[in-house]
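# fold the following and give me the result.
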Amino acid sequence: MKLRTIILLLSLLAFLSTITGGYFYYTAIKNSAADKNKTQLTWHAEAIRNHFENQIKMNQRAARALSEYEKIRLALTKLDQDSLNAVNQVLERFNASLETDVSYLMDRDGKTIASSNYNDPDSFVDKNYSFRPYFQKAIQGTPFVYMALGVTTGKRGIYFSHPVYTEDQKTPLGVIVMKSSVDMLEKEILRLQFNSLEMHTFITSPNGVIFMSDSDKFLFQLLEKISDDKIAAIVELKQFGNKPLKWSGFKLKDDSLIVDAKGDDYIIAKFFLPSLPDWQVVHLHHMDNINDFLYTPLSGKIGSIIISLCAIIGLSVAILYTIAQRGIIRRKAAEDAMAERENFLNSLLRAMPIPVFYKDRAGIYQGFNDAYEVFFGKSRDQLIGKSVFDISPKELAQIYHAKDTELFDSGGIQHYESKVKNSRDEMRDVIFDKSIYTDSNGKIIGLIGTVLDITVRKQIEKEREKLIDELQSALAEIKTLRGIVPICSNCKKIRDDAGYWNILESYIQKHSDASFSHSICPDCAKKLYPDLDIYE
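Numbers count the residues shown, from 1 in each chain. Sure thing, here's the model as predicted:
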């Protein structure tokens, strides 16, 4: 074969190798970037859900606290104007302090008898909302969270209802309702963009109505197309007003992709809201913009390299591609393994029934499980980024800080008893078990600990010790005779185990701690000594 042909073939082979290597390399980078973007998208949707849930829980606690206010219970009992005026003022101040839309009190029939907007032209007073699910649930004794368009105000809101009980906490007298505007919450959690790419974030109802959105054009539209009969049934509920519901134009392709009316593809991530059954956070990310942002510069560089260097570095590209592909596979495997371990540890932490927390080297809280939040009655926002001096009484905080310092200095693990204040402001006896954790170089970067409540156990131990002391004292004073004791019917002598008959006093003194002092009864004194008037 001629040299010219060999060179031509080698050049062609190098060119094909470069194109092939570039194509596979580009595909691998694209897939890796898409996976990374999907992970980022999922994280963002989950962060929105967690923030939304924190707001829900905070407002639920506020509604419950309001329902326990004595003036509100008194107003439902008396129903006189003075009591109702007092409740109006309480609700007005409460509403202003929490920056909610409106708070109102309903009797057992669903009629509003007091409201924070009692002076407004569109006051809720005398309005009947018994048809609302939040009233129907609460009057049966179940606190409820409900998102809907206001019948009176025409504004979207989240309704938090709670029953107001009689003094014995058995029978609901009425229902307290707190309506929070979604506008501020919508700005906080839906309009946050983690990069410059086009995206959409919705919160949808169980029947697919978009109730919250980062774009007003999608509000009260259906995320997916449904039948006219189902649309009519939704409108009849009056949850989202009386206007016909339009379809947003989105069609679900599979679990991870959705297409809009123009045919553009979006990556989709969904998370359910625990406080609102079947409501979802839906996060969409435009695929074309992702490709333009991530891959166009890359493809241009690869094209330039192919055009200018295909005859020289074809083989090198193939080798580099092979190395890169292996590296990507190893990295992907390592990331998957790390993600699995992280998910397992997070699930394990959440499932643990005892409070668990962890701090950094400076003693700042970095995280904790659900049991810790319930035990201490503090949300994540109140704890993360704080030290013990920010969240605990000074005398207790000094103990915790000293113990943390000792652990950081000595390393290893730590076990000791102390006291804490729980969510009800009660002082509890607990056992702290702590251990340091290190980075890959063995440097201490923080500690993790558990809190075990032993208050009840210590009380039981004290009561047991007291009982043992009492029993030991009693046993020291008591020596009892047991079994059948043979006694003479006439002379009252007692037969012992050896068969001998003993005088009654001798037998009892021998077999017990009792002793006798002899005397004579009145009947025997008269019989034996008739001439002596001993008892007279």
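
# what strand or helix carries residue 399?
helix 394-410 (DSSP states H and E).

# can I get the CA coordinates of the strand or helix carrying residue 114 in PDB?
Assigned by DSSP H and E, residue 114 belongs to strand 112-115. C-alpha atoms of strand 112-115 as PDB (Å, rounded to 0.1, in the frame of the first residue of the first chain):
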ATOM      1  CA  THR A 112     -69.400  34.600  62.200                       C
ATOM      2  CA  ILE A 113     -70.000  36.300  65.500                       C
ATOM      3  CA  ALA A 114     -66.700  38.200  65.800                       C
ATOM      4  CA  SER A 115     -63.900  39.200  63.400                       C
END
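
# may I have the strands that pair with it, each with its orientation?
Using DSSP bridges, strand 112-115 pairs in its sheet with strand 102-107 (antiparallel).

# pull the residues that contact the strand it pairs with.
Applying CB atoms under 8 Å, 6 or more residues apart in numbering, the contact partners of strand 102-107 are 66, 72, 75-76, 79, 87, 91, 94-95, 112-117, 124-125, 129-130, 135, 153, 164, 173-179. (Glycine included, C-beta is placed from N, CA and C.)

# try it again with 6 Å
87, 91, 94-95, 112-117, 124, 174-179 (CB atoms under 6 Å, 6 or more residues apart in numbering).

# before we move on, what about stretch 73-86?
71, 87, 113-114, 164, 173-174.

# now that stretch: buried residues?
73, 75-76, 83-84, 86 (16 or more other CB atoms under 10 Å).

# which parts of the stretch 151-300 of the chain are strands?
156-165, 172-181, 199-204, 210-213, 221-222, 246-247, 251-252, 257-259, 265-272, 280-286 (DSSP state E, counting those that start in this stretch).

# which residues touch the last one?
For strand 280-286, the external contacting residues (CB under 6 Å, 6+ apart) are 41, 45, 48-49, 198-204, 266-272.

# from these, list just the buried residues.
So, by 16+ other CB under 10 Å, the buried ones in the contacts of strand 280-286 are 41, 45, 48-49, 199-204, 266-269, 271.

# tell me the one of those nearest residue 442?
Set against residue 442, the nearest of the buried ones among the contacts of strand 280-286 by CB to CB is residue 41 (35.8 Å).

# now the strands for the stretch 401-536 of the chain?
Listed in chain order, the strands of the stretch 401-536 of the chain (DSSP E, counting those that start in this stretch) span 413-421, 427-438, 444-453, 494-495, 501-502.

# CSV for those, including mean neighbour count and mean pLDDT?
Shown next, in CSV, are the strands of the stretch 401-536 of the chain (neighbours: other CB atoms under 10 Å; pLDDT from 0 to 100):
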stretch, mean neighbour count, mean pLDDT
strand 413-421, 14, 90
strand 427-438, 16, 91
strand 444-453, 17, 91
strand 494-495, 16, 77
strand 501-502, 14, 78
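
# residue 157 - nearest residue in space that isn't next to it in sequence?
Excluding its sequence neighbours, the residue lying closest to residue 157 (CB to CB, 6 or more residues apart in numbering) is residue 179, at 4.3 Å.

# select, out of the strands of the stretch 401-536 of the chain, the one closest to residue 251.
strand 444-453 (46.5 Å).

# how far off centre is that closest one?
19 Å (CA atoms, centre = their mean, to the nearest Å).

# with just CA atoms, put that strand into CSV.
Output of strand 444-453 as CSV, limited to C-alpha atoms (Å, rounded to 0.1, in the frame of the first residue of the first chain):
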residue,chain,number,x,y,z
ILE,A,444,-12.6,17.3,64.7
ILE,A,445,-15.3,19.3,63.0
GLY,A,446,-18.3,18.9,65.3
LEU,A,447,-20.3,16.6,67.6
ILE,A,448,-23.5,14.7,67.5
GLY,A,449,-25.6,13.9,70.5
THR,A,450,-28.8,12.4,71.8
VAL,A,451,-31.1,13.5,74.7
LEU,A,452,-32.8,10.7,76.7
ASP,A,453,-35.6,11.8,79.1
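
# what helices or strands is that strand leaning on?
Applying 3 or more CB pairs under 6 Å, 6 or more residues apart in numbering; DSSP states H and E, we find strand 444-453 packed against strand 356-360, strand 427-438.

# which residue, other than its chain neighbours, is closest to the residue nearest the centre of the chain?
Nearest to the mean C-alpha position of the chain, by CA atoms, centre = their mean, lies residue 370 at 4.6 Å. Spatial nearest neighbour of residue 370, excluding adjacent residues (CB to CB, 6+ apart): residue 350 at 5.7 Å.

# what number of residues lie near the one you found?
11 (other CB atoms under 10 Å).

# and this structure, what are its domains?
The chain is divided into the following domains under automatic domain parsing: 3-32+295-350, 68-185, 197-286, 352-457, 483-536.

# ok, the closest residue in space to residue 242 that isn't next to it in sequence to residue 241 distance?
Excluding its sequence neighbours, the residue lying closest to residue 242 (CB to CB, 6+ apart) is residue 235, at 6.4 Å. In this view, residue 235 and residue 241 are 8 Å apart by CB to CB, to the nearest Å.

# now for residue 522, how many residues are close by?
10.

# wait, residue 116
26.

# from residue 184, how far out is it?
Separation of residue 116 from residue 184 (CB to CB): 17 Å.

# quick revisit: pull out the buried members of the contacts of strand 102-107.
87, 91, 94-95, 112-117, 124, 174-179.

# coming back round to it: for residue 450, state which of the contacts of stretch 73-86 is nearest.
residue 164 (38.4 Å).

# my guess is the closest one contacts residue 68. True?
No. Between residue 164 and residue 68 no contact is recorded; they are 8.2 Å apart, counting by CB atoms under 6 Å.

# which one of these two has more residues nearby?
A count of neighbours by other CB under 10 Å puts residue 164 above the other of residue 164 and residue 68, at 24 against 13.

# residues contacting that one?
Residue 164 is in contact with 67, 72-73, 76, 173-174, 176, counting by CB under 6 Å, 6+ apart.

# same thing but at 7 Å, please
By CB atoms under 7 Å, 6 or more residues apart in numbering, the contact list for residue 164 reads 67, 72-73, 76, 172-176.

# could you list the buried residues of whichever helix or strand comes after the strand holding residue 114?
In the C-terminal direction, the helix or strand that comes right after strand 112-115 (DSSP H and E) is helix 133-139. For helix 133-139, the neighbour count (16+ other CB under 10 Å) marks 134-139 as buried.

# need the strands of the stretch 401-536 of the chain in CSV with distance to residue 344, can you?
Shown next, in CSV, are the strands of the stretch 401-536 of the chain (distance: least, CB to CB, whole Å):
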stretch, distance to residue 344
strand 413-421, 22
strand 427-438, 16
strand 444-453, 16
strand 494-495, 77
strand 501-502, 79
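
# quick one: which of the ones you listed is nearest residue 277?
That would be strand 444-453 among these, by CB to CB, at 31.4 Å.

# what strands flank that closest one, and is each parallel or antiparallel?
strand 356-360 (antiparallel), strand 427-438 (antiparallel).

# if we can go back for a sec, show me the buried residues of stretch 73-86 that map onto helices.
73, 75-76, 83-84, 86 (DSSP state H).

# out of the residues you listed, who's nearest residue 250?
residue 76 (46.4 Å).

# where does the stretch 251-400 of the chain dip in pLDDT?
The stretch 251-400 of the chain contains residues with pLDDT under 70 at 288-325, 327-328, 345.

# all helices of it, in order?
287-294, 296-351, 370-376, 380-383, 388-391, 394-410 (DSSP state H, counting those that start in this stretch).

# excluding chain neighbours, what is closest to residue 149?
Closest residue to residue 149 in three dimensions, ignoring its sequence neighbours and counting by CB to CB, 6+ apart: residue 241, at 4.7 Å.

# and for the one you found, the neighbour number?
15.

# and it, how far from residue 255?
31 Å.

# ok, now residue 526?
Separation of residue 526 from residue 255 (CB to CB): 109 Å.

# higher neighbour count, those two?
Set residue 526 next to residue 255 and count neighbours by other CB under 10 Å: residue 526 wins out with 14 against 9.

# check that one and give its pLDDT.
Residue 526 is assigned 78 on the pLDDT scale.

# same question, residue 148
The per-residue pLDDT reported for residue 148 equals 92.
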